[in-house]
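**Q** No sequence on hand, only this structure:
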């Protein structure tokens, strides 16, 4: 089985409920176990400012699914949550990003691993480090170093 880290985000239609539902749906994927989940975090939008704040989290999966098959499954879950891709970095009911898959490095038209934005996103790195410690991001370095280099943003753990 492989280890895959998934970034979760939502800022529409009861974001906390969207994230909690997505955790359950990730657990239900065939050949997959939800091995870890971070706390929920609140963050200001990375894209256009005319949208609500986000709720973010990270999940750790143990899976038999190959990376592109897992990506298809993640996109199917997004669609079930009413995900509409209207504008880049715009508001969304649910965003599921395949952040890491074992230590695999790959670049295809559909999937890049590690996720290309992982090193600039504190709202990903903080929850990732909560469940994975100071993980080494293939080709990028330690998560703590990447976090220290992130632009100042407002990310806070939701109690």
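**A** Right, received. Where do you want to start? This is a predicted model, so every value here is computed, not measured.
**Q** Centroid-wise, who is the farthest residue in the chain?
**A** Note on the chain: the largest C-alpha distance from the chain mean falls to residue 50, namely 21.8 Å (Cα atoms, centre = their mean).
**Q** how about that residue, phi and psi?
**A** Torsion angles at residue 50 (phi, psi; degrees, to the nearest 10) stand at phi -90, psi 50.
**Q** Quick check, pLDDT for it.
**A** At residue 50, the model reports a pLDDT of 78.
**Q** and if you look at the one 10 residues further on?
**A** Listed pLDDT for residue 60 reads 98.
**Q** Can you list phi and psi of it for me?
**A** phi -110, psi 120.
**Q** so it makes contact with residue 132?
**A** Yes. Counting by Cβ atoms under 8 Å, residue 60 does reach residue 132; the two are 6.9 Å apart. (Glycine included, C-beta is placed from N, CA and C.)
**Q** Overlap of the contact sets of these two?
**A** Common neighbours of residue 60 and residue 132, counting by Cβ atoms under 8 Å, 6 or more residues apart in numbering, are 5, 36.
**Q** Just give me the neighbour total for residue 75.
**A** Residue 75: 14 surrounding residues under other Cβ atoms under 10 Å.
**Q** ok, it - contacts?
**A** Listed by Cβ under 8 Å, 6+ apart, the contact partners of residue 75 are residue 96.
**Q** where's it, which helix or strand?
**A** Secondary structure assignment for residue 75, by DSSP states H and E: helix 67-80.
**Q** moving C-terminal of that helix, what's the next helix or strand?
**A** The first helix or strand that comes after helix 67-80 along the chain, using DSSP H and E, is strand 95-101.
**Q** so what secondary structure elements neighbour the helix or strand containing residue 33?
**A** Element membership of residue 33, judged by DSSP H and E, is strand 32-37. Judged by 3 or more Cβ pairs under 8 Å, 6 or more residues apart in numbering; DSSP states H and E, strand 32-37 is in contact with helix 15-27, strand 54-63, helix 122-132.
**Q** got the angle for it vs strand 54-63?
**A** 130 degrees (axes from the mean of the first three to the mean of the last three Cα atoms, to 10 degrees).
**Q** pLDDT (mean, whole number) over whichever helix or strand comes after strand 32-37?
**A** Sequence order places strand 41-43 as the next helix or strand after strand 32-37, per DSSP H and E. Taken as a whole, strand 41-43 has an average pLDDT of 95.
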